[in-house]
Each structure stands twice: as C-alpha cells, then as structure tokens.
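Novice: Have a look; sequence and predicted model below, questions after that.
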Amino acid sequence: MRKKLIYIGLFLLTALFLSSGCAKKPAPEEPKPSVSRVSSFGVIDMQKAIQAHPQYPELVRLQKELNTVLLQIQQRQTLSLQAAGNSTADANIAAVGIHKTLEHDFQLRMAAKQDEINARLEKALVQARQDSMSQMKLFEEETDREFQPQLINIQLKLRVLQLTPEEKRTLQQDYDRIERARLERLTAYAQRLSAQMEAKMAPQKAAGEQDLAMFAQQLQAELADKEAEQMKQATARSLLPAAGPAIDGLSELQTRAEQNQQKIAGLQDEIVRDIRDKAAKIAVLQQLDVVLANVLVNSSASDITDAVIAEFKK
C-alpha cells in the first residue's frame, strides 16, 4: 500500500559542441580566423512544455475518468457493506467491502502526506538550484577571464601578422585546443555542481522517506483497529437485502481503474520522452552546450521552452 516517494531531481541534457576550426581550414589566399564562441546554456520549463503537448488533453481526460471510476468503486463498496447478512457468505462480502473502503482511505491519506513531504523537498530543491546556478555563472566568468585573452591573442595574430601556411595552421590548432579545454572545464563543473546538489538533497530525501514510513505504520495500526470494530458491528446486525448489481459491478470497476492507471503512466512517459527528444534537437540547432530543466534563476541561459513547443505543431 505504500507509494514510492516522489523526488524531483535536476537532470542535465549535455551536448558538447567543439569548435569546427579543425574540420574547416581557411583558404590559403585569405585565411579566416575562427570566432570565439562563449559556451551557452539552455533551460526548459517542463511543466509548461507538458501542458502544451498535443497529448496533454488526453492525459487530463484519462485522469478525470479515473477519478470518476474511483468514486464509483467507493460507492459500490459502501453498498456491499449494506448487502451483507448474518450468513457466512454475507459476512465475507462485508469483510471485503470494509477492507477495500479502509484501503482506499489509507491511500488517500498517504497521498496527502506524500504531497506534504514533496512540497518540503521541492522548496529545498529550488534553493539548491539557485545556489548552483549562481556558482555556475561565477565559474563561467572566471573561466572566460583565463581563456579569452589567449583566444583573442591568437585571433589578432591570424588577422594582423603575415604568417606562413604552416604558422597559420599551428595557431589555429592552438586556438581549437584552448577552446576545447574551456568547454570541457565548464561542462565538468556543471556536472560536479549537479552531483553536489544531489548529495546535499540526499539527507532531506532520506528524512522524508523515514517520515512517510512512520506515518504509514501509525496509519495502518489505526485502520486495523477501525476494521476490527466495523467487522464486529457488521456481524452483530442484520443488514439490508443484498444489492447484487452493486456487488457484481465492483470487480469490473476495479479492472477499469487499473487499466486507466496503466494508460496514464504510459502516456506520461511518452510525453516526457517526446519533450526530451525535441529539446535535444533544439539544443543542436541553437548550439547549446548544456540544457537544464526547471531552472528558476539563470540570467545568462537561453529559454528553449517555446522552441520545443513549436516542434509539437510541425
């Protein structure tokens, strides 16, 4: 009955694009020096992208249908209690109804507790993201102060000095090497920040899991006592005549609920995969080195959410 604790983590879509100077050499007559490219970062609002996805209305429809079926199940379970008699068969029906009703109560209260814990974790995660992006911005500025003078110096030599083809080729190779080292340093630091954030969140995540486990244990004990009392009352009293159609339809409703839950899970995975594929495509087109999801603060990042949404309409 325990649902797996939801934890929303930061994920990186890294696409490292090196300077193309090695692949495309300048013409011997009039060499064209490479232009320095500052590494670029992209962000995407996953919630906005999901809601704009063409299949999102179907996801909403399935969720509403599931809610309706769950309500019908609860109503049928209540009727099944009223249909129980003093015979052994009727007592068994009452036991099933009581158990399923209390199980549904358990799931609803566990979901509410999980939402409370997730809200606490999300608040901490937002702060951790902001701290990471601030550190990334400072590191990028520091890295540029170290590498940009070298790159600019090579560009000036290629543009101003009278060089032999061999000298030009050597300078171009130096430029590509320095630019590659700069991008590798930035990417490694971004990955290190992500790992540090995961480590920072781990104790809070563990505390949330422990809190949820203790709540589940207490709730199970409470509902077990309640189930025993209701069973005692159901055995002692005479109930209304069996409502056959209400009991017979319960199994079908439960099957429909399980099927809807499977459809919802599959559709959610399909939407997220489609968004990731299109985000990767946009990253290539815009020459982004790193794409971050759900980043709230990053003044230097390029928001590709609308570009991804536009891909849905093609």
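Specialist: Received, thanks.

Novice: which of the residues in stretch 112-125 are buried?
Specialist: 113-114, 117-118, 121, 125 (16 or more other C-beta atoms under 10 Å). For every residue, glycine as well, the C-beta is placed using N, CA and C.

Novice: Let's have those in TSV, adding pLDDT.
Specialist: TSV is the format used below for the buried residues of stretch 112-125 (pLDDT from 0 to 100):
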residue	pLDDT
Lys113	88
Gln114	90
Ile117	91
Asn118	91
Leu121	90
Leu125	89
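
Novice: Tell me which other helices or strands the strand or helix carrying Arg159 touches.
Specialist: Counting by DSSP states H and E, the element that carries Arg159 is helix 88-160. Judged by 3 or more C-beta pairs under 8 Å, 6 or more residues apart in numbering; DSSP states H and E, helix 88-160 is in contact with helix 56-82, helix 165-236.

Novice: which stretch in those helices has the least confidence?
Specialist: Comparing mean pLDDT across the helices and strands packed on helix 88-160, the weakest is helix 56-82, with a mean of 84.

Novice: Which strands or helices does that one pack on?
Specialist: helix 88-160, helix 244-285.

Novice: Can you say which of the ones you listed is nearest to Glu222?
Specialist: With C-beta to C-beta, the closest approach to Glu222 among those belongs to helix 88-160: 9.3 Å.

Novice: Report the inter-axis angle for the closest one versus helix 56-82.
Specialist: Orientation check (axes from the mean of the first three to the mean of the last three C-alpha atoms, to 10 degrees): helix 88-160 against helix 56-82 gives 160 degrees.

Novice: returning to what we had before: between the helices and strands packed on helix 88-160, which gets nearest to Leu267?
Specialist: helix 56-82 (5.2 Å).

Novice: Tell me how far that closest one lies from the chain's centre.
Specialist: 26 Å (C-alpha atoms, centre = their mean, to the nearest Å).

Novice: for stretch 171-190, same thing?
Specialist: The answer for stretch 171-190 is 31 Å, by C-alpha atoms, centre = their mean.

Novice: Next, the buried residues of it.
Specialist: Going by 16+ other C-beta under 10 Å, stretch 171-190 has these buried residues: 171-172, 175-176, 178-179, 182-183, 185-187, 189-190.
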